[in-house]
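[1] this is the structure alone, sequence omitted:
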């Protein structure tokens with residue numbers, strides 16, 4: 001990627017010389033992209049952000065910004081905007097003084113400071129709050145001020161480490177759209193760390209999914225959801241049924257898989273998959289049709305309804321099918337859904353391209 005704003009080249013990090021918290025990270029981020037580093041605790045995502053910020057040094061490999069290695073540049077000279085989960089606002093200063101502080105340490109003249117502070121307060125829609133202190137603001141307002149402070153000196157790169165983790169669910173969801181609106185308005189490159197896959201799906205241009213210090217898949221949210229190419233990604237992004245099986249044949253990029261004596265047609269993920277290989281067939285619950293009215297599906301199987309759970313906009317159906325006792329389907333909460341009852345024996349179906357045979 002010749003125009004990469006940020007680039008990791010074979011970056012690894014170990015604290016004890018034996019266990020790697022980040023290993024062989026290769027990543028290119030174009031200018032203006034919103035990239036999320038997503039993974040469970042201990043997966044290496046925050047370590048990568050801290051190495052980019054300069055708070056940690058890579059054990060090997062190099063990190064470049066605008067094509068220039070940054071290893072010898074101390075954190076305070078990297079001039080990135082940084083937002084942490086705890087906001088890190090000065091409680092004894094007013095909002096205006098908190099926002100002006102980064103400008104003061106950079107020697108910006110007073111008149112320019114006032115202009116920039118007014119600009120970012122308008123950007124985060126908190127005009128008129130400049131005289132208040134952080135303790136007089138709500139959690140969401142404090143987070144907006146933290147974002148405004150990261151943007152006040154007009155950095156080209158902003159790093160965010162779990163910035164919404166301390167907020168309640170409703171406010172967190174509101175702030176997801178707010179952060180994305182701000183990023184779109186400013187056009188800044190943003191690297192965002194979270195363990196919340198729903199948060200990542202809403203906000204990101206692309207998502208790098210981390211597990212055990214490695215990037216398992218890097219793609220747009222819709223691609224990660226619809227086309228996972230790794231068992232971990234399939235389980236971590238959204239909900240998936242996972243059926244272990246053995247490939248019988250491969251025909252025109254379609255795997256014919258034996259799943260506990262049941263034949264399943266699934267899309268081939270790896271071109272190297274061949275007969276006899278163990279695979280994991282993954283299938284989203286919402287792609288399973290309950291009581292299909294026709295036989296257009298390549299996969300049609302008998303199932304027993306074990307349990308029905310009302311979840312507002314849909315019903316969650318627990319099924320025994322294909323030799324598995326915990327297959328999940330989702331039925332939209334629409335008129336007629338009551339035709340399926342606990343204990344019923346029914347047909348279920350799904351399209352070949354709605355399930356994927358992932359090598360294991």
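    Perfect, thanks for sending it. As the structure is a prediction and not an experimental result, all values here were calculated from the model.
[2] let me see the domain layout of this protein.
    When the chain is parsed with automatic domain parsing, its domains come out as 4-231, 239-359.
[3] dump those domains into a markdown table; add mean pLDDT and mean neighbour count as well.
    Quick note: C-beta positions are derived from backbone N, CA and C, even for glycine. Formatted as a markdown table, those follow (pLDDT from 0 to 100; neighbours: other C-beta atoms under 10 Å):
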| stretch | mean pLDDT | mean neighbour count |
| --- | --- | --- |
| domain 4-231 | 93 | 18 |
| domain 239-359 | 92 | 16 |
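[4] in space, what's closest to residue 215 - neighbours in sequence excluded?
    Of all residues not flanking residue 215 in the chain, residue 208 sits nearest, at 5.0 Å (C-beta to C-beta, 6 or more residues apart in numbering).
[5] show me the strands in the stretch 1-150 of the chain, by range?
    Ranges of strands within the stretch 1-150 of the chain are 4-14, 20-30, 34-38, 60-65, 68-69, 81-84, based on DSSP state E, counting those that start in this stretch.
[6] list the helices and strands the last one packs on?
    Secondary-structure packing of strand 81-84 (3 or more C-beta pairs under 8 Å, 6 or more residues apart in numbering; DSSP states H and E): helix 139-151, strand 157-161.
[7] again, 10 Å this time
    helix 45-53, helix 139-151, strand 157-161, strand 189-194 (3 or more C-beta pairs under 10 Å, 6 or more residues apart in numbering; DSSP states H and E).
[8] cool, and the shortest one?
    Counting contacts by 3+ C-beta pairs under 10 Å, 6+ apart, strand 68-69 packs against no other helix or strand.
[9] ok, it: who's next to it in the sheet?
    According to DSSP bridges, strand 68-69 forms sheet pairs with strand 60-65 (antiparallel).
[10] just the element for the residue nearest to residue 215, please.
    Per DSSP states H and E: residue 208 is located in strand 206-211.
[11] quick one, that strand and strand 34-38 angle?
    Here strand 206-211 runs at an angle of 10 degrees relative to strand 34-38 (axes from the mean of the first three to the mean of the last three C-alpha atoms, to 10 degrees).
[12] just checking, next helix/strand downstream of strand 206-211?
    Next along from strand 206-211, by DSSP H and E: strand 214-219.
[13] that next one versus strand 34-38: what angle between them?
    Orientation check (the same axes, to 10 degrees): strand 214-219 against strand 34-38 gives 140 degrees.
[14] so which of the strands of the stretch 1-150 of the chain gets nearest residue 307?
    strand 34-38 (30.7 Å; C-beta to C-beta).
[15] partner strands of the closest one, parallel or antiparallel?
    Note on strand 34-38: by DSSP bridges, its sheet partners are strand 189-194 (parallel), strand 206-211 (parallel).
[16] adding distance to residue 102, write these out as CSV.
    Below are these laid out as CSV (distance: least, C-beta to C-beta, whole Å):
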stretch, distance to residue 102
strand 189-194, 17
strand 206-211, 28
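[17] out of the helices and strands packed on strand 81-84, nearest to residue 298?
    Of all the helices and strands packed on strand 81-84, strand 189-194 comes closest under C-beta to C-beta, at 36.8 Å.
[18] give me the residues contacting the following helix or strand past the closest one.
    Later in the chain than strand 189-194, the nearest helix or strand by DSSP H and E is helix 197-203. For helix 197-203, the external contacting residues (C-beta atoms under 10 Å, 6 or more residues apart in numbering) are 34-40, 160, 162-165, 172-173, 175-177, 179-180, 183, 190, 192-194, 196, 206-209, 220-222, 224-225, 233, 236-238.
[19] so residue 343, which of the three states?
    Recorded secondary structure, residue 343: coil (DSSP: H, G, I helix; E, B strand; the rest coil).
[20] without its sequence neighbours, what residue ends up closest to it?
    residue 305 (6.3 Å).
[21] assign the one you found to helix, strand or coil.
    strand.
[22] can you check residue 171 too?
    Under three-state DSSP, residue 171 comes out as helix.
[23] just checking, it touches residue 143?
    Yes: counting by C-beta atoms under 10 Å, residue 171 does reach residue 143; the two are 8.5 Å apart.
[24] intersection of neighbour lists for the two?
    164, 178.
[25] out of the strands paired with strand 34-38, which gets nearest to residue 324?
    Shortest distance between residue 324 and those, using C-beta to C-beta, is found for strand 206-211: 24.2 Å.
[26] so how far is the closest one off the chain centroid?
    What separates the centre of strand 206-211 from the centre of its chain is 6 Å, taken as C-alpha atoms, centre = their mean, to the nearest Å.
[27] number of nearby residues for residue 360?
    Residues lying near residue 360 (other C-beta atoms under 10 Å) number 12.
[28] enumerate every residue touching it.
    230, 231, 242, 244, 245, 277, 278, 279, 280.
[29] same deal with residue 167?
    85, 138, 139, 140, 142, 143, 173, 174, 175, 176.
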